[in-house]
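Colleague: I'd like to go over a predicted model; first the sequence, then the structure.
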Amino acid sequence: MNLVGELGEHKINNQLDLLPNGCKYLSDLLVANPKSRTGYSQIDHVVITPQGLFVIETKNYTGEIKGARGAKSWTVSNRFKMYNPFMQNYGHIQVIKSYLPGFQGSRYISLFSFTMRCRFSVDLELRKIQSDELIVYDVELSEYIQRKNESNQAERVEATLTDSDIQEIYQALSGANITDPKIRAEHVVKAGSVGKRDR
């Protein structure tokens, strides 16, 4: 990871540290995924809360992000294309579910975080708290997660995940996380050669 990436991750982790007690998160998760061309999926952040799991992808782009929810690719300042982030995150959610057989019915929220160097020209629904697919700026990440949890809580009488559920999910994903530096380095090389969509 380059210096800009490291600073971005640090900024996001600072945001996630602001979440209320009872929430847990994992960052830079690398898990085996036989459906990926690299054999792995790399997920920037997973936040486990009583109201659901937030699967977060972060980008350090600069410029105007344009895209429709159903489009296969989006553009950055009309200069280059990026794979639709929600399609990418859909794959991440499916692989996370494969490690959590007891939590298939839990709520999974796909969340994409961009730096303030971007501006959004995207479907307005993706900025509305009612959506389970959200696009946010990195500085509003913890606020959006808390607002989304409050919205989810208003829909239900009680929390969907207990403290022990949250701990069980955290342990399962921690256990699946590949920390071997050699495997991680190989994945980065493979991901670079087959394209970002397989991360």
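Modeller: Perfect, thanks for sending it.
Colleague: how about low-confidence regions in this structure?
Modeller: 1-10, 157-159, 193-199 (pLDDT under 70).
Colleague: Would you map the strands across it?
Modeller: Ranges of strands in the chain, per DSSP state E, are 24-32, 40-49, 52-59, 63-67, 73-76, 80-83, 108-114, 118-122, 133-137.
Colleague: which one of those lies closest to residue 176?
Modeller: Set against residue 176 and scored by CB to CB, the strands of the chain come closest in strand 24-32, at 4.7 Å. Glycine gets a C-beta too; all of them are placed from N, C-alpha and C.
Colleague: For the closest one, what is the distance to the chain centroid?
Modeller: 10 Å (CA atoms, centre = their mean, to the nearest Å).
Colleague: Tell me the helices and strands packed up against it.
Modeller: On a contact count with 3 or more CB pairs under 8 Å, 6 or more residues apart in numbering; DSSP states H and E, strand 24-32 meets helix 3-16, strand 40-49, helix 163-176, helix 181-194.
Colleague: count of neighbours near residue 149?
Modeller: 23 (other CB atoms under 10 Å).
Colleague: May I have the residues that are in contact with it?
Modeller: 49, 50, 51, 52 (CB atoms under 8 Å, 6 or more residues apart in numbering).
Colleague: Skipping its backbone neighbours, what lies nearest the first one in space?
Modeller: Spatial nearest neighbour of residue 49, chain neighbours left out: residue 23 (4.7 Å); criterion: CB to CB, 6 or more residues apart in numbering.
Colleague: likewise residue 137?
Modeller: In this structure, residue 137 finds its nearest non-sequential neighbour in residue 116, 5.5 Å apart by CB to CB, 6+ apart.
Colleague: Got phi/psi on the one you found?
Modeller: phi -70, psi 0 (degrees, to the nearest 10).
Colleague: check contacts around it.
Modeller: Counted by CB under 8 Å, 6+ apart, residue 116 has contacts 137, 138, 139.
Colleague: Ranking by neighbours, what's the top pick from those residues?
Modeller: Each of these was scored by neighbours using other CB under 10 Å; the highest score is residue 138's, at 20 neighbours.
Colleague: Tell me the bridge partners for the residue sitting nearest the centre point of the chain.
Modeller: Centrality entry for the chain: nearest residue to the mean C-alpha point is residue 56, 1.5 Å, by CA atoms, centre = their mean. Assessed by DSSP bridges, residue 56 has beta-bridge partners residue 45, residue 111.
Colleague: Check whether it really touches residue 45, as I assumed.
Modeller: Yes: counting by CB atoms under 8 Å, residue 45 is a contact partner of residue 56 at 4.0 Å.
Colleague: hey, what's in contact with both of the two?
Modeller: In terms of CB under 8 Å, 6+ apart, residue 56 and residue 45 are both contacted by the residues residue 12.
Colleague: Residue 104 and residue 135, how far apart?
Modeller: Residue 104 sits 25 Å away from residue 135, going by CB to CB, to the nearest Å.
Colleague: Name the residue in those two with the higher neighbour count.
Modeller: Neighbours of residue 104 and residue 135, each counted by other CB under 10 Å, are more numerous for residue 135; the result is 24 against 9.
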